[in-house]
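Student: Can you look at this prediction? I've put the sequence above it.
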Amino acid sequence: RKPTLMDRERLNSNIEAIRRYTAKHAELREAHHFLYDLPLNEHVGLPEVVVMGINPGETQIDRDACPGPTEETSKYDFHEHSPFGRSPGSKRWRALTAKFTGGRSVVFTELFFWSSKNHAELLERFESLWGSRHLRFCIDMNRDLIEAYQPKAVIFVGLSNSKRAANAFGLAYVDTFRVYGTRVVEHYRDKHRSWLFTKHWTGSRGFTMAQRDAIS
């Protein structure tokens, strides 16, 4: 099913709701930006794959380029308005996504929408991820996004939170894939599609070419 005009209006309304929600909470305004419904390439066509991470990264380059709080969405991507152009981190993430999804049309979202420079700052700023009062808001918005696009698959980058994320979205476990004994992908399903939790794509130490190829 293709997204209807009503679906598109709903996602646009969600982006507006996230903006209002951010403005209402001081700890969320400390984040440089939020990320939701961000197409990898809006000219490729409707997304076949939703790529979801834990939360967006942020850098000093981002803060220097564009004052926050701002956003990465289908309505406004701060990178496109940066005087420095798209940041190296954003370029790398997009290249990795193209590699691991085989060039399919992709839309990005995050389990937790608001950015931090690392996990320690995430916990310092928001105290808890899974205990956050803001997480249910994000899950509901992500359900809307998946319902609107009806993707063939959801790819969740990172394995450490697979069980908690699967529980949050009501997923059923299917299988675990290993390369020479190392877990690289966990396969879950909702009622309509596969969810693939993968070893994190930006890993360097111990992330072998065989593992990368297996994930791809």
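Tutor: Okay, I see it.
Student: okay, and the helix or strand of this structure with the least pLDDT?
Tutor: Within the chain, no helix or strand scores below helix 119-126, which has a mean of 87 by mean pLDDT, DSSP states H and E.
Student: Just list what it packs against, helices and strands only.
Tutor: Helices and strands touching helix 119-126, by 3 or more C-beta pairs under 8 Å, 6 or more residues apart in numbering; DSSP states H and E: there are none. To be clear about C-beta, it is placed using only N, CA and C from the backbone, and glycine gets the same treatment.
Student: Buried residues, the next helix or strand after it. List them.
Tutor: Downstream of helix 119-126, the first helix or strand assigned by DSSP states H and E is helix 135-149. Within helix 135-149, the residues that qualify as buried are 135, 137, 138, 141, 142, 144, 145, 146, 148, 149, counting by 16 or more other C-beta atoms under 10 Å.
Student: and which of those is nearest to residue 60?
Tutor: When the buried residues of helix 135-149 are ranked by distance to residue 60 (C-beta to C-beta), residue 138 comes first, at 25.2 Å.
Student: Report the mean confidence score over stretch 53-64.
Tutor: Mean per-residue pLDDT for stretch 53-64: 92.
Student: Same question for stretch 172-184.
Tutor: The pLDDT scores in stretch 172-184 average 96.
Student: Likewise for stretch 148-166?
Tutor: On average, stretch 148-166 scores 95.
Student: Stretch 70-86 too?
Tutor: Per-residue scores along stretch 70-86 average to 92.
Student: my read is residue 63 is in a helix, agree?
Tutor: Yes. With DSSP: H, G, I helix; E, B strand; the rest coil as the criterion, residue 63 is part of a helix.
Student: Now do stretch 175-193: distance to the chain's middle.
Tutor: Its chain's C-alpha centre and that of stretch 175-193 lie 18 Å apart, by C-alpha atoms, centre = their mean, to the nearest Å.
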